[in-house]
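Chemist: Here you go, sequence then predicted model.
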Amino acid sequence: MSEIVQWMEDGTPYSPRFGDRYRSEAAHAVQQAEQVFLAGVGLPAAWAGQPQWRILETGFGFGLNFLATWLAWRGDAARSQLLHFVSTEAFPVSAGDLLRHAEQFPHLQAMARELAAQWRGLLPGVHRLRFDGGRVLLTLLVGDTQAMLRQQDMAVDSIYLDGFSPARNPQMWSLHTLKAVARCARRGTRLATWTIAAQVRKDLAQCGFEVNKVPGVPPKRDNLHATFNPAWEPRKTPLWALGTHAVKATDLAAPLLPTAVVIGAGIAGAACAHQLALRGWQVTVLDAAPHPAAGASALPAGIFAPHTSSDDSVLSRITRAGVRTTWQWARQLLQAGEDWAPTGVLERRHLATPRDETAAHAEIAPDHAASRRTGAHERPAAWSTDPALAQAAAAWSTHASADVLAAQGLPTDDAALWHTHAGWLRPAALVQALLQAPGIRFVGRAQVAQIKASPDAATWSVQDATGAELARAHLVVVCAGPHSNAVLAAMPEASAPQPLPLQSICGQVSWATYGNGEQPARHHPVNGHGSWVPFFKAPAGAAGAAGPAWVMGSSFERDVTELPPSPADAARAHGDNWAKLQTLLPAASQVYTASFATARTWAQVRCASVDRLPVVGPRPVDGDASDSNNSLNGHMPPWVCTAMGSRGLSWALLCAELLAARLHDEPLPVTNGLAKALSTDRTLPARSERPAQP
């Protein structure tokens with residue numbers, strides 16, 4: 001459940017847990033946010049003209065410091081291009097309390113409503129919330145401050161030390177916590193806080209801060225300012241095992257805007273192009289097809305939904321983070337009811353089979369089918385037994401209610417889950433919307449045959465088979481799905497010891513528009529043994545069809561790359577889809593007997609990695625990966641964002657943001673552990689296992 005808050009007669013929130021007020025009276029609270037914290041770290045002047053500004057706060061509370069900082073950023077014509085605000089919070093309050101608190105600050109209410117709209121499902125871990133078109137990024141670290149900061153890899157420009165007083169919450173102000181804070185600082189990072197406790201001053205100095213007392217803001221007589229300037233040279237263990245480091249756009253030698261070429265115009269490529277464009281890159285997107293979303297992203301409609309597992313596995317956590325990202329961008333870019341719908345999704349979790357791709361993700365040996373059926377798709381036991389987790393967990397996945405099951409003609413005791421924040425989405429609409437960002441240019445019918453290092457300006461020349469240049473850019477990002485290794489092989493200077501461990505998977509769906517007199521089903525989608533979307537809006541020109549439609553799929557054929565499928569293969573896959581629907585929804589499926597018999601089929605090849613997780617990051621080059629740029633004569637190594645499997649709608653936008661964060665040395669949208677699980681580093685042998693270089 002959310003943190004219990006008591007409201008005092010003057011409207012001030014009070015914490016029974018810590019026996020202290022969250023803040024002083026309203027007038028002083030705003031003054032403290034603006035003068036103690038913003039002015040205390042030199043804002044807004046410090047972020048003027050910067051590509052990004054990164055702020056770390058300890059103790060989010062009701063978000064007053066965040067809202068005040070966001071307001072100052074929004075009103076500053078010289079503001080940084082991006083604002084990162086990272087805040088720790090062990091005990092999040094409810095969205096309702098956030099809104100009640102904001103009632104005392106009329107100038108912040110509109111922004112507080114935007115915050116409350118995304119304030120849900122805050123299980124322990126990292127949650128990325130996005131505002132102002134993705135230019136303001138709030139990263140909530142839910143959990144103990146010290147522990148959460150040690151799970152993040154970041155360097156920040158400003159630090160707000162906030163929270164309940166050292167006397168009430170000594171752990172927040174302990175030396176070990178301040179060491180974790182200092183680990184996030186760069187030389188010159190400025191820190192501000194309202195406390196002048198002697199032990200806090202001593203510990204900050206021990207952590208490398210130069211500390212000064214300054215005149216305070218009422219009701220405090222004094223406040224504290226500090227600057228990180230240790231007498232020693234700070235050293236951190238590199239997060240990336242093979243030594244691949246972020247490359248900042250500001251480090252490029254070219255005096256003009258940095259340029260990038262993204263190869264592949266599916267969801268992953270469009271999302272990467274969008275994230276780079278937000279950060280000031282001029283991006284050219286190349287695709288062999290004449291238009292974007294011509295490959296697997298041409299799926300008529302698909303489902304985005306969380307994944308659950310009894311151990312809350314890497315797959316489950318990365319999918320939750322990805323679904324939050326997809327939901328936020330869909331709300332911003334797409335038209336609800338036309339391009340997507342947040343309907344919720346029912347999952348019949350006991351129906352996974354060894355041939356189903358969802359089952360293939362289970363972290364159990366492939367031959368243990370029975371164990372897989374009970375392990376994958378189970379909610380962690382703590383979600384039901386721990387009251388502190390139950391409310392946040394229910395915002396993601398809960399046991400399906402009798403009403404939801406009855407609406408689908410299922411027994412009211414059926415073993416099924418209900419995913420609240422899930423729905424259907426048309427991938428092509430999302431791709432088109434992402435590519436509309438300023439700074440992006442799409443080039444179709446672009447057959448990439450070779451990529452050569454240019455002798456000037458540290459750029460890459462992307463060429464076709466005749467040697468004609470398709471694009472020239474500082475950065476190459478490969479999002480070519482099953483063709484990714486072929487594209488990487490076209491960069492001989494950036495050759496790697498081995499190709500990415502990718503696998504091609506052919507998938508076929510069956511779909512149809514509702515005919516005259518047919519009543520479109522308005523039920524929610526169902527996932528499990530296949531995915532069923534009973535209603536979506538097929539656009540004009542979709543195989544000559546338009547209007548309400550349904551889609552069922554998908555088949556799962558490993559290492560199949562031939563398209564189109566033979567008539568016999570297409571008929572077999574269509575029959576499999578019909579059998580899946582009958583298993584998934586025995587009663588409801590009978591309504592579609594005639595429609596299924598005349599339905600269209602659609603097939604494409606998807607790409608997955610051998611461990612069924614995406615592959616994101618710079619591609620280490622042959623030789624010493626810790627010195628990638630030098631081994632390429634100053635050229636940036638290629639970056640990769642691929643292997644989305646059948647979860648592109650749930651993963652691609654998050655993976656693109658992760659790629660951009662690593663590239664620009666930004667706070668990561670996920671924990672270190674999840675970022676490493678998706679990294680290109682994992683696709684290469686450990687340094688000790690790699691063959692010696694001649």
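Modeler: Here it is on my side, so go on.
Chemist: What residues sit buried inside the helix or strand hosting Val200?
Modeler: With secondary structure defined by DSSP states H and E, Val200 is part of helix 198-206. The neighbour-count check on helix 198-206 (16 or more other Cβ atoms under 10 Å) flags 200-201, 203-204 as buried. Placement of C-beta: from N, CA and C, glycine included.
Chemist: where exactly do the strands run in the stretch 501-650 of the chain?
Modeler: Listed in chain order, the strands found in the stretch 501-650 of the chain under DSSP state E, counting those that start in this stretch are 502-513, 526-528, 530-542, 545-553, 557-558, 600-609, 615-618, 639-642.
Chemist: can you name the farthest residue from the center of the protein?
Modeler: Of all residues in the chain, Arg221 sits farthest from the chain's C-alpha centroid, using Cα atoms, centre = their mean; the distance is 42.8 Å.
Chemist: mind checking the backbone torsions on that one?
Modeler: The phi/psi pair for Arg221 (degrees, to the nearest 10) reads phi -80, psi -30.
Chemist: what does Ala46 give?
Modeler: Phi and psi for Ala46, reported as degrees, to the nearest 10, are phi -70, psi -30.
Chemist: burial count for it?
Modeler: 15 (other Cβ atoms under 10 Å).
Chemist: who's in contact with it?
Modeler: By Cβ atoms under 8 Å, 6 or more residues apart in numbering, the contact set of Ala46 is 53, 157-158, 190.
Chemist: One more: Ser401?
Modeler: With contacts taken as Cβ under 8 Å, 6+ apart, Ser401 has the following neighbours: Trp418.
Chemist: how about Thr193, phi and psi?
Modeler: Phi and psi for Thr193, reported as degrees, to the nearest 10, are phi -160, psi 160.
Chemist: looking at this protein, which helix or strand is least sure?
Modeler: Using mean pLDDT, DSSP states H and E, helix 369-375 stands out as the lowest-scoring helix or strand of the chain, at a mean of 40.
Chemist: Now do the helix or strand following it, average pLDDT.
Modeler: Scanning the chain past helix 369-375 towards its C-terminal end, the next helix or strand to appear is helix 382-385 (assignment: DSSP H and E). Summarised as a single mean, pLDDT over helix 382-385 is 94.
Chemist: Pull the residues that contact helix 382-385.
Modeler: Contacts of helix 382-385 from elsewhere in the structure, counted by Cβ under 8 Å, 6+ apart, are 389-390, 393-394.
Chemist: Just the buried subset of those, please.
Modeler: For the contacts of helix 382-385, a neighbour count by 16+ other Cβ under 10 Å gives the buried set as 389, 393-394.
Chemist: Just the ones of those in helices?
Modeler: With DSSP state H as the criterion, helices contain 389, 393-394 from among those.
Chemist: Return the member of the residues you listed nearest to His635.
Modeler: Using Cβ to Cβ, Ala393 is the member of those that lies nearest His635, at 46.4 Å.
Chemist: Distance of the closest one relative to Leu43?
Modeler: In this structure, Ala393 and Leu43 are separated by 36 Å, where distance is defined by Cβ to Cβ, to the nearest Å.
Chemist: can you check Asp76 too?
Modeler: 9 Å.
Chemist: who has more neighbours, the two?
Modeler: Neighbours were tallied for Asp76 and for Leu43 using other Cβ under 10 Å; the higher tally belongs to Leu43 (24 against 14).
Chemist: Run a quick check on the more buried one versus Ser158, I expect a contact.
Modeler: Yes. Checked against Cβ atoms under 8 Å, the pair Leu43 and Ser158 is within contact range at 6.6 Å.
Chemist: overlap in contacts of those two?
Modeler: Trp53.
Chemist: And the helices in the stretch 201-350 of the chain, which stretches?
Modeler: Taking DSSP state H, counting those that start in this stretch as the test, the helices found in the stretch 201-350 of the chain are 267-278, 314-333.
Chemist: Of these, which is nearest Trp460?
Modeler: Evaluated over the helices of the stretch 201-350 of the chain, closeness to Trp460 peaks at helix 267-278, with 14.7 Å, by Cβ to Cβ.
Chemist: other SSEs contacting the closest one?
Modeler: Contact partners of helix 267-278 among helices and strands, from 3 or more Cβ pairs under 8 Å, 6 or more residues apart in numbering; DSSP states H and E: strand 259-263, strand 282-286, helix 427-434, strand 440-443, strand 475-478, strand 639-642, helix 648-663.
Chemist: tell me the domain boundaries of this protein?
Modeler: What automatic domain parsing lists as the domains of the chain is 6-228, 239-500+618-694.
Chemist: So which residues of the stretch 101-250 of the chain form strands?
Modeler: So, for the stretch 101-250 of the chain - with DSSP E, counting those that start in this stretch - the strands run 125-131, 136-142, 156-161, 185-193, 209-215, 222-228.
Chemist: Need the winner for burial among those strands.
Modeler: Across the strands of the stretch 101-250 of the chain, the average number of neighbours (mean count of other Cβ atoms under 10 Å) peaks for strand 156-161, which reaches a mean of 24.
Chemist: Pull the distance from stretch 578-588 to the chain's centre.
Modeler: Stretch 578-588 has its average C-alpha position 33 Å from the chain's average C-alpha position, going by Cα atoms, centre = their mean, to the nearest Å.
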